[in-house]
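**Student:** next come a sequence and a model predicted from it.
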Amino acid sequence: MIRSRPMRHGTFVAFLLLILGIAAARSGAADSPVYPGGVQADARLVSGVFPGSDAGSCCWMLRHAALILEPPADANALIVTLFIPTYALPPGQTQTLRAQLGSARAQTFCCLGPGIHELALALPAARTANLTLSFDLSRSFVPASVGQGSDRRHLTVLLRQIAWRNTFSPGLSSTLAPRAMKVLLGLYAVLFILAVFLTYRRPIFGAALLIVTSPFALYAPLGATNLTLPKAMLIAVALALAFRGTRTALSGDRRVGALLLAQGILALVALISLHNAMFTAPVWREFLKTCQYGLTGLVAYVAFRADRSQDRESWIRVSVLAITAVVALAALVQLPSGAPMGINLAGHFLPRIAGPLEGPNQLCAFLGIGLPFALAFALSGSMRTVSYAVLILGSVAALLTFSRGGIFAIVIALVLVVVSVRSSRFTPVAYRAVAILFAVLFAIALLEFAGEREPVLARLAFGAPSGAENFNGGLGTRAELWHGAYLLWRSHPLLGIGAGNYELRIAQTGAPGVRTHANSAYFQTLAEEGILGFIALAALALVSIRTFRGPRAPVLPKTMLAVVVALWVHQITDYVTFYPKVGVLLWTLLGVAAATAARTDSQMPYRSAE
């Protein structure tokens with residue numbers, strides 16, 4: 001009992017010292033300077049940028065500032081994140097920023113208003129270990145003069161973060177552990193060998209593999225890009241067909257030749273847009289992606305033509321129904337587990353499902369390809385019960401994307417399928433009605449694109465009620481994106497600003513916090529590839545429609561016609577073929593449907609299908 005008292009005092013002293021130590025540590029941490037994310041905390045490397053005491057106060061810049069940065073080996077662009085508080089600008093005024101990275105051409109970002117801005121800068125061609133990033137801004141303010149404390153410094157904007165990016169492969173993942181990378185490459189090797197074996201045994205299996213693997217990427221870092229499952233399957237199927245010697249499957253079909261020529265011209269125009277491109281890597285990415293789509297269609301066409309079995313169409317039907325059902329189920333599972341986006345309807349926050357696709361609009365576009373085929377199979381008496389089940393399942397998933405443009409396009413495609421399969425008398429009338437509808441919608445969108453009228457169509461297609469645009473995940477509204485595309489197109493009307501450059505240069509139009517695509521295939525093509533690119537895109541649309549015209553066409557070409565017509569309507573308000581998961585499925589079925597139409601052509605004069 002006598003010795004217990006000193007022990008209590010010792011415990012109390014130790015506890016008091018611990019509390020004091022924690023407080024001192026916190027005090028020291030609070031006093032340590034906070035620099036922007038991605039900037040080395042070394043005052044010798046920073047000029048004109050004041051470190052903050054916490055993330056909220058980081059980091060004010062003067063009108064002239066500079067940083068010394070070390071770019072990683074795989075980077076070809078720099079993303080600078082800025083924040084402009086409302087009090088930092090006089091009412092109705094904007095900030096203009098001029099930035100230069102090393103010896104690269106200086107870039108001017110005009111009309112930056114209050115909010116977050118993400119600015120993309122290209123790296124110089126001659127790279128060095130250290131690059132100087134310099135800023136010159138047009139306006140400054142004194143915090144004390146606007147009621148923000150007693151600070152008398154002349155400040156401009158808050159520099160939040162700098163981040164390096166590989167614009168050739170934006171989704172490049174270099175974080176895989178070596179063991180995980182070995183497992184993934186082993187899986188690729190197994191799937192590749194299996195695809196070669198199955199396609200060599202029966203070519204139609206190759207076309208089916210292209211369909212069922214289209215929505216699954218399985219990204220694997222490969223140099224400056226990513227290896228994906230659709231790319232691996234495309235190479236495997238093409239190799240197997242080459243081993244079989246199936247060159248005769250290409251002979252005597254002018255339709256698929258016209259389709260591939262139109263896609264080739266589109267790829268060539270993308271490459272020509274390098275002339276004005278500030279960022280060259282995205283141009284090569286879009287060029288190679290366009291080539292990948294065309295090659296996918298060609299390989300699917302050859303695979304179908306090379307297989308002489310009677311059940312080859314059955315394999316296509318099973319593949320389309322299976323992948324549509326799998327994608328719809330994977331999306332519906334997100335309802336209880338958590339969807340990637342949401343929408344505010346009448347004060348209620350509802351999830352927008354996406355499944356294995358990049359977003360709700362992309363999922364709706366994917367289902368917009370599969371569901372018309374499910375309906376066509378049901379109406380033609382093939383696998384009727386399963387087809388209707390997939391149609392119902394996929395329709396529920398499509399509705400829960402809340403993608404207005406996508407749902408509208410699905411309705412158009414389903415109506416066209418019904419009139420095409422059930423009644424040839426109303427088919428021309430239905431297609432003419434859709435053509436008129438497209439002309440009206442495109443004319444309205446074109447006026448909004450140029451800023452000549454209120455953006456009613458842009459708001460309707462947004463997928464959220466008017467006034468709820470802030471629920472778009474910070475990706476901007478279509479009104480901002482479309483008019484931004486117009487401003488960029490005006491700078492280079494003939495050849496555009498460079499394929500793939502839109503998302504990196506949209507910030508130059510003053511759209512706060514926006515770095516995404518234009519949500520319109522037509523307007524993004526105009527901005528990136530100019531009038532030449534727009535003409536090439538329009539030619540591809542017309543050729544893809546003409547390829548499948550014909551009163552005596554089988555079910556697959558008839559359905560493909562409905563799909564492509566609805567898809568070109570959808571792409572007024574969304575750029576869905578920008579995403580390979582949608583583009584690969586589309587071009588695989590384009591190739592298969594063209595092969596089916598070619599088989600019909602061989603049984604009748606060519607003009608009869610016109």
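**Tutor:** Received it, and whenever you're ready, just let me know what you need. Residues are numbered from 1 along each chain as shown.

**Student:** from here on, contacts and neighbour counts on C-alpha atoms
**Tutor:** OK.

**Student:** care to break the protein down by domain?
**Tutor:** Per automatic domain parsing, the structural domains of the chain span 43-165, 185-609.

**Student:** and among the ones you listed, the most buried is which?
**Tutor:** Per-stretch averages of neighbours, counted by mean count of other Cα atoms under 10 Å, single out domain 185-609 among those, with a mean of 20.

**Student:** surely Pro351 forms part of a strand?
**Tutor:** Yes. Per DSSP: H, G, I helix; E, B strand; the rest coil, Pro351 lies within a strand segment.

**Student:** please name the nearest non-neighbouring residue to it.
**Tutor:** The shortest distance from Pro351 to any non-neighbouring residue, by Cα to Cα, 6 or more residues apart in numbering, is to Gly342 (4.3 Å).

**Student:** could you look up the SS state of that neighbour?
**Tutor:** Per three-state DSSP, the secondary structure class of Gly342 is strand.

**Student:** I figured it hits Leu350, correct?
**Tutor:** Yes. In terms of Cα atoms under 8 Å, Gly342 counts as a neighbour of Leu350; the distance is 5.4 Å.

**Student:** show me the shaky parts of the stretch 51-200 of the chain.
**Tutor:** Along the stretch 51-200 of the chain, the model assigns pLDDT under 70 to residues 170-176.

**Student:** ok, which stretches of it are helices?
**Tutor:** 178-201 (DSSP state H, counting those that start in this stretch).

**Student:** now the stretch 401-550 of the chain
**Tutor:** In the stretch 401-550 of the chain, the segments counted as helices under DSSP H, counting those that start in this stretch are 404-422, 427-449, 456-460, 478-491, 502-505, 521-546.

**Student:** adding distance to Val256, write those out as JSON lines.
**Tutor:** What follows is these, written out as JSON lines (distance: least, Cα to Cα, whole Å):
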{"stretch": "helix 404-422", "distance to Val256": "22"}
{"stretch": "helix 427-449", "distance to Val256": "22"}
{"stretch": "helix 456-460", "distance to Val256": "35"}
{"stretch": "helix 478-491", "distance to Val256": "32"}
{"stretch": "helix 502-505", "distance to Val256": "31"}
{"stretch": "helix 521-546", "distance to Val256": "9"}
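
**Student:** so which of the ones you listed comes closest to Gly48?
**Tutor:** Shortest distance between Gly48 and the helices of the stretch 401-550 of the chain, using Cα to Cα, is found for helix 502-505: 25.3 Å.

**Student:** with just CA atoms, put the closest one into CSV.
**Tutor:** Extracted in CSV, the C-alpha atoms of helix 502-505 (Å, rounded to 0.1, in the frame of the first residue of the first chain):
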residue,chain,number,x,y,z
TYR,A,502,-11.1,18.6,-76.9
GLU,A,503,-11.1,17.4,-73.3
LEU,A,504,-7.6,18.9,-72.8
ARG,A,505,-8.5,22.3,-74.3
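
**Student:** so what's Gly498 closest to, chain neighbours aside?
**Tutor:** Spatial nearest neighbour of Gly498, chain neighbours left out: Ala277 (4.2 Å); criterion: Cα to Cα, 6+ apart.

**Student:** report pLDDT for the one you found.
**Tutor:** On pLDDT, Ala277 comes in at 93.

**Student:** again, but for Ala217
**Tutor:** In the predicted model, Ala217 carries a pLDDT score of 89.

**Student:** same thing with the one 4 residues further on?
**Tutor:** Confidence at Pro221, expressed as pLDDT, is 80.

**Student:** and it, which of the three is it?
**Tutor:** strand.

**Student:** Ser138 is nearest to which of the helices of the stretch 401-550 of the chain?
**Tutor:** Checking these against Ser138 by Cα to Cα gives helix 502-505 as the closest, at 19.6 Å.

**Student:** that closest one packs against which elements?
**Tutor:** Using 3 or more Cα pairs under 8 Å, 6 or more residues apart in numbering; DSSP states H and E, the elements in contact with helix 502-505 are strand 115-122, helix 521-546.

**Student:** partners of the first one, with directions?
**Tutor:** Looking back up the chat, that one is strand 115-122. Applying DSSP bridges, strand 115-122 is found paired with strand 77-84 (antiparallel).

**Student:** just how off-centre is the partner strand within its chain?
**Tutor:** 20 Å (Cα atoms, centre = their mean, to the nearest Å).

**Student:** so what's Val318 up against?
**Tutor:** With Cα atoms under 8 Å, 6 or more residues apart in numbering as the criterion, no residue contacts Val318.

**Student:** quick check, it in a strand?
**Tutor:** No. Looking at Val318 with three-state DSSP, it is helix, so not inside a strand.

**Student:** can you redo the domains of the chain as a markdown table with distance to Pro33?
**Tutor:** Converted to a markdown table, the domains of the chain look like this (distance: least, Cα to Cα, whole Å):
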| stretch | distance to Pro33 |
| --- | --- |
| domain 43-165 | 6 |
| domain 185-609 | 26 |
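
**Student:** can you pull out the strands in this structure?
**Tutor:** Assigned by DSSP state E, the chain shows strands spanning 46-49, 61-69, 77-84, 95-101, 107-112, 115-122, 131-137, 158-165, 220-222, 225-227, 341-345, 348-352.

**Student:** just checking, what packs against the fifth one?
**Tutor:** The reference is to strand 107-112. strand 95-101.

**Student:** got it, and the longest one?
**Tutor:** Using 3+ Cα pairs under 8 Å, 6+ apart as the contact criterion, the neighbours of strand 61-69 among helices and strands are strand 46-49, strand 131-137.

**Student:** try 10 Å
**Tutor:** Applying 3 or more Cα pairs under 10 Å, 6 or more residues apart in numbering; DSSP states H and E, we find strand 61-69 packed against strand 46-49, strand 95-101, strand 131-137, strand 158-165.

**Student:** repeat for the first one
**Tutor:** If you count contacts as 3+ Cα pairs under 10 Å, 6+ apart, strand 46-49 packs onto strand 61-69, strand 131-137.

**Student:** Gly48 is nearest to which of those?
**Tutor:** That would be, of those and by Cα to Cα, strand 61-69, which comes in at 4.1 Å.

**Student:** returning to what we had before: in a markdown table, list the strands of the chain along with distance to Ala331.
**Tutor:** Formatted as a markdown table, the strands of the chain follow (distance: least, Cα to Cα, whole Å):
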| stretch | distance to Ala331 |
| --- | --- |
| strand 46-49 | 46 |
| strand 61-69 | 42 |
| strand 77-84 | 32 |
| strand 95-101 | 42 |
| strand 107-112 | 38 |
| strand 115-122 | 30 |
| strand 131-137 | 43 |
| strand 158-165 | 29 |
| strand 220-222 | 23 |
| strand 225-227 | 24 |
| strand 341-345 | 12 |
| strand 348-352 | 9 |
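
**Student:** of all the ones you listed, which lies closest to Gly297?
**Tutor:** strand 225-227 (19.4 Å).

**Student:** ok, for Leu274, nearest residue in space, not its chain neighbours?
**Tutor:** Nearest non-adjacent residue to Leu274, counting by Cα to Cα, 6+ apart: Gly498, 5.6 Å away.

**Student:** equivalent analysis for Ser32, please.
**Tutor:** Nearest one to Ser32, counting by Cα to Cα, 6+ apart, is Ser53 at 6.8 Å.

**Student:** distance of that neighbour relative to Arg63?
**Tutor:** To Arg63, Ser53 is 21 Å away according to Cα to Cα, to the nearest Å.

**Student:** ok, Asp74 next?
**Tutor:** Asp74 is 31 Å from Arg63, where distance means Cα to Cα.

**Student:** circling back: what pLDDT does the residue nearest to Pro351 get?
**Tutor:** pLDDT, Gly342: 75.

**Student:** thinking it is in contact with Phe402, fair?
**Tutor:** Yes. Gly342 lies in contact with Phe402 (Cα atoms under 10 Å); the separation is 9.1 Å.

**Student:** shared neighbours, the two?
**Tutor:** By Cα atoms under 10 Å, 6 or more residues apart in numbering, Gly342 and Phe402 have these common neighbours: 350-353, 360, 464.

**Student:** save those residues as a markdown table, and put in distance to Ala88 and pLDDT too.
**Tutor:** Output for those, formatted as a markdown table (distance: Cα to Cα, whole Å; pLDDT from 0 to 100):
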| residue | distance to Ala88 | pLDDT |
| --- | --- | --- |
| Leu350 | 36 | 82 |
| Pro351 | 36 | 87 |
| Arg352 | 36 | 91 |
| Ile353 | 39 | 92 |
| Pro360 | 37 | 93 |
| Ala464 | 31 | 42 |
